[in-house]
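K.L.:
sequence below, structure please.
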Amino acid sequence: MVKFSREYEASIIPEWKAAFVDYKGLKKLIKRIKIARRDAASLCSPPPPLSPAPASLVGKDGGGYGFSVLDPVRAIASRFAARAPSPEEEDEGSESDSGELLRSTDKHERQFLEKADEELEKVNRFYAAQEAELLARGDALIEQLRILADVKRILADHAAATRRGRGRGRAAAPPPPSHSPSVNGSSGRHLLSGLASPQSMSDGSVELQQARVAEGAAVAEEVMAALERNGVSFVGGGLAGKAKKDGAGKQLGARGALLQLPATVRIDIPPTSPGRAALKVWEELVNVLRKDGADPAAAFVHRKKIQHAEKNIRDAFLALYRGLELLKKFSSLNVKAFTKILKKFVKVSEQQRPTDLFSEKVKRSRFSSSDKVLQLADEVECIFMKHFAGNDRKVAMKYLKPQQPRNTHMITFLVGLFTGTFVSLFIIYAILAHVAGIFSSTGNTAYMEIVYHVFSMFALISLHVFLYGCNLFMWKSTRINHNFIFDFSSNTALTHRDAFLMSASIMCTVVAALVINLFLRNAGATYANALPGALLLLSTGVLFCPFNIFYRSTRYCFMRVMRNIIFSPFYKVLMADFFMADQLTSQIPLLRHMEFAACYFMAGSFKTHPYETCSSSQQYRHLAYVISFLPYYWRAMQCLRRYLEEGHDINQLANAGKYVSAMVAAAVRFKYAATPTPFWVWMVIISSSGATIYQLYWDFVMDWGFLNPKSKNLWLRDELVLKNKSIYYVSMMLNLALRLAWTESVMKVHVGKVESRLLDFSLASLEIIRRGHWNFYRLENEHLNNAGKFRAVKTVPLPFRELETD
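P.N.:
You can find the predicted model right below:
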């Protein structure tokens, strides 16, 4: 049977750990009480009592009054004193409980009750704050949904009226039936499809256009009235009152001005992608034109904005429900912890009276007695089922409570199978290559060049995936919530076993292809070197495969993140985006191998084996120069984007400067490789040393949070996940040593061709190992920052916002 303390530690919410009951601390105090009682019993050695003394007869010093004929009277009096307080006396009783508890116990028991009271107050205060925040969020979301329903209903009615008007004008088919104003998931697509576009206002006669403008203005006024009923105010809202006082022509102009507001004022969608950014720019342009009396038909409510608003509200409901579930878990775990620890206390101290009083106080606490969170959770389930799941509870629960993937031993079996197959094939390949003299100094140079690039590329990918699996294992072991940090879905995110399976399968496939290629070469087969190209084509096909096989959600997430990185700074920078961009800065050798492989196989060089075409040409060198810059450029652009989005945070500019210094150091080393003169040697030393110092400072201080002189842990930080502090010091020294790998380019070690390739591959592997080692501490620091601010649920921005008037 698992002890409750272990179950409790494994079940608490990592980001809220500081707000939970300090169960271990209370257990230590109980242990002190037990030791103190045992010591007192061994010193005094009193004769065993005939019956235990009542709890009410225990004095302040923990001793009893002995047996007396008044004991039955005292027992009856204590029973009457222990009655439950009435509702009128509840507040007074809660204030006097602590004093009565402290008067009735000895020193160690008093320490326990004081500590328990502090923990109870801490839990109660945190629960009250979280409950108030979630209730306010729920009220705001219900208002947002009400606004969205009004807008969709009005716009759907307007679209239906427009279609009926066109039908009458063209003597066409009878008007279509009007849609229901329901806003559930199935009818929502119906409503959104009927929104008018600016182009629909520009055809027909002048009279028809004026009629449409007047009708659209009426719709805009109705939309604004509906939104104002829900608490949304508008800039320039007084135009309607002025228009009513003037004539018909002025009234039409005022309504035209009002018509422009729904497209640019009420629905706020953050520009996280180039498409949304372009829409934002267009709306700003419309705002400028509006001041100059532009055509009111050019600012209709955009259909995409309604869709984005609906999606944001849906995601906000999911986040709210997640927060409610976490708060329910927080309440139940703390109630159970207090119940368990009080049972231990009464068993050791034999103080039933203080235990009963404290139990009553726990029951009266807000986190134990309040049912507002349960009511709101039920309400959210009903709302989500009605509006976003088509009244299907099974579909709603699929989103609100996603099922965790079941652990299966098949993945572990496949990892072992592929690993064993890889080791066997690699031994076979090494023996065959040694017998054929492939890697000797007089061997086939062309074959070595091709095999080196293809094998190194897949080997570096496999090593990086393997280290990512190690990171996943360590994050899970230390309860670092990486899925929340990266905003990954828990039911589709990779586990460490999945990462190990991907790494083993990649290496098994690559080595099998190399063995087959070697057999074909020895047999004199034509186009034997096309096999590595086929392997590249196969891997590309698996990456872009549209079927739900081979971890499709992970592959699509990877491609989406790569798109965001390549098109930096046009996409909003998320944690997964700049984390992956940091990985790319350690994979520059991999990018160069990919460049060579693409050049060799796409240019058809494998037919005639002229590998020098892709290694010595001027265009190839210039492209290699660009590839060395790209990861640092992308990361610097991300920093600039975050600098603009996060209120001109100077730390983001400093972070961009780190990558600029790395770009300068890479450029100097590239120039030194072309012209190895003493001047460029000193330039390499100066630029690379400066970049290394910059990077080390950022690694230790900003990314890992170390080198804090005021920390209780010498030169580390106050909060540490790992218990052994020496691991952190060793990691800092290892990161320092691996950051100095660039010194090999200055030493100019004279080795053979094969040894030189092996040295380059080893240095590239060490950089990937350093990056995998860096990943753990980077996410540990991020997790501790979230825990320090009690961030356990993401905050989704709401689309409808109240506007401030000038």
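K.L.:
gap between Lys27 and Phe112?
P.N.:
According to C-beta to C-beta, to the nearest Å, Lys27 and Phe112 sit 10 Å apart. (Glycine included, C-beta is placed from N, CA and C.)
K.L.:
can you give me how far the helix or strand encompassing Ile30 is from the chain middle?
P.N.:
With secondary structure defined by DSSP states H and E, Ile30 is part of helix 23-44. With C-alpha atoms, centre = their mean, to the nearest Å as the basis, helix 23-44 stands 44 Å off its chain's centre.
K.L.:
quick one: contacts of that helix?
P.N.:
Applying C-beta atoms under 8 Å, 6 or more residues apart in numbering, the set of residues contacting helix 23-44 from outside is 5, 8-9, 62, 106, 108-109, 111-112, 115-116, 119, 337, 340-341, 344-345, 348-349.
K.L.:
so which of Lys27 and Phe112 has more stuff around it?
P.N.:
Higher neighbour count among Lys27 and Phe112: Phe112, with 28 against 17, using other C-beta atoms under 10 Å.
K.L.:
the more buried one reaches Lys344, doesn't it?
P.N.:
No: the pair Phe112 / Lys344 is not scored as a contact, 9.9 Å apart, by C-beta atoms under 8 Å.
K.L.:
check contacts around Ala665.
P.N.:
Ala665 is in contact with Val684, Ser687, Ser688, Gly690, Ala691, Trp742, counting by C-beta under 8 Å, 6+ apart.
K.L.:
my error: substitute Lys712 in the last question.
P.N.:
Lys712 touches Asp718, counting by C-beta under 8 Å, 6+ apart.
K.L.:
what helix or strand is it on?
P.N.:
Of the helices and strands defined by DSSP H and E, none includes Lys712.
K.L.:
tell me the spacing between it and Phe558.
P.N.:
Lys712 is 40 Å from Phe558, by C-beta to C-beta.
K.L.:
with Lys343 instead?
P.N.:
The gap separating Lys343 from Phe558 is 50 Å, by C-beta to C-beta.
K.L.:
go on, Arg366?
P.N.:
To Phe558, Arg366 is 45 Å away according to C-beta to C-beta.
K.L.:
check Lys336 too.
P.N.:
Per C-beta to C-beta, Lys336 is found 41 Å from Phe558.
K.L.:
what of Ser369?
P.N.:
Counting by C-beta to C-beta, the separation of Ser369 from Phe558 is 48 Å.
K.L.:
which one's more surrounded, these two?
P.N.:
The residue with more neighbours, out of Ser369 and Phe558, is Phe558; 14 against 11, by other C-beta under 10 Å.
K.L.:
what is the mean pLDDT for the helix or strand hosting the more buried one?
P.N.:
For Phe558, the host element (DSSP H and E) is helix 552-566. Averaging pLDDT along helix 552-566 yields 95.
K.L.:
alpha carbons of it, in CSV - could you do that?
P.N.:
Only the C-alpha atoms of helix 552-566 are listed here, as CSV (Å, rounded to 0.1, in the frame of the first residue of the first chain):
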residue,chain,number,x,y,z
ARG,A,552,0.9,13.0,-37.2
SER,A,553,0.0,15.6,-34.5
THR,A,554,3.7,15.9,-33.6
ARG,A,555,4.8,16.1,-37.2
TYR,A,556,2.3,18.9,-37.9
CYS,A,557,3.3,20.7,-34.8
PHE,A,558,6.9,20.6,-35.8
MET,A,559,6.1,21.9,-39.3
ARG,A,560,4.0,24.7,-37.8
VAL,A,561,6.8,25.7,-35.4
MET,A,562,9.3,25.6,-38.3
ARG,A,563,7.0,27.8,-40.4
ASN,A,564,6.8,30.3,-37.5
ILE,A,565,10.6,30.3,-37.2
ILE,A,566,11.4,30.7,-40.9
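K.L.:
need the next SSE after it, C-terminal direction.
P.N.:
helix 575-585.
K.L.:
could you point out the helix or strand that follows that next one?
P.N.:
helix 588-602.
K.L.:
pull out the buried residues from that next one.
P.N.:
Of all the residues in helix 588-602, those buried under the rule 16 or more other C-beta atoms under 10 Å are 588-597, 599-601.
K.L.:
could you do stretch 728-737 as well?
P.N.:
Tyr728, Ser731, Met732, Asn735.
K.L.:
return stretch 531-547 as PDB; C-alpha atoms alone will do.
P.N.:
Output in PDB follows, covering the C-alpha atoms of stretch 531-547 (Å, rounded to 0.1, in the frame of the first residue of the first chain):
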ATOM      1  CA  LEU A 531      19.900   4.900 -52.300                       C
ATOM      2  CA  PRO A 532      20.800   7.600 -49.800                       C
ATOM      3  CA  GLY A 533      18.700  10.000 -51.900                       C
ATOM      4  CA  ALA A 534      15.800   7.600 -51.700                       C
ATOM      5  CA  LEU A 535      16.200   7.600 -48.000                       C
ATOM      6  CA  LEU A 536      16.000  11.400 -47.900                       C
ATOM      7  CA  LEU A 537      12.900  11.200 -50.100                       C
ATOM      8  CA  LEU A 538      11.300   8.600 -47.800                       C
ATOM      9  CA  SER A 539      12.000  10.700 -44.700                       C
ATOM     10  CA  THR A 540      10.500  13.800 -46.400                       C
ATOM     11  CA  GLY A 541       7.400  11.800 -47.400                       C
ATOM     12  CA  VAL A 542       6.900  10.600 -43.800                       C
ATOM     13  CA  LEU A 543       7.200  14.100 -42.500                       C
ATOM     14  CA  PHE A 544       4.500  15.500 -44.800                       C
ATOM     15  CA  CYS A 545       2.300  12.400 -44.700                       C
ATOM     16  CA  PRO A 546      -1.300  13.500 -44.300                       C
ATOM     17  CA  PHE A 547      -2.500  10.200 -42.800                       C
END
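K.L.:
can you list the buried residues in that stretch?
P.N.:
Neighbour-count burial for stretch 531-547, counted by 16+ other C-beta under 10 Å, picks out Leu531, Pro532, Gly533, Leu535, Leu536.
K.L.:
from those, which is closest to Phe670?
P.N.:
Leu536 (26.1 Å; C-beta to C-beta).
K.L.:
and the closest one, how far from Val510?
P.N.:
Distance, Leu536 to Val510, by C-beta to C-beta: 10 Å.
K.L.:
could you do Cys614 as well?
P.N.:
Taken as C-beta to C-beta, the span from Cys614 to Val510 is 20 Å.
K.L.:
same question, Phe367
P.N.:
Distance of Phe367 to Val510, given as C-beta to C-beta: 55 Å.
K.L.:
same thing with Arg153?
P.N.:
For Arg153, the distance to Val510 - C-beta to C-beta - is 59 Å.
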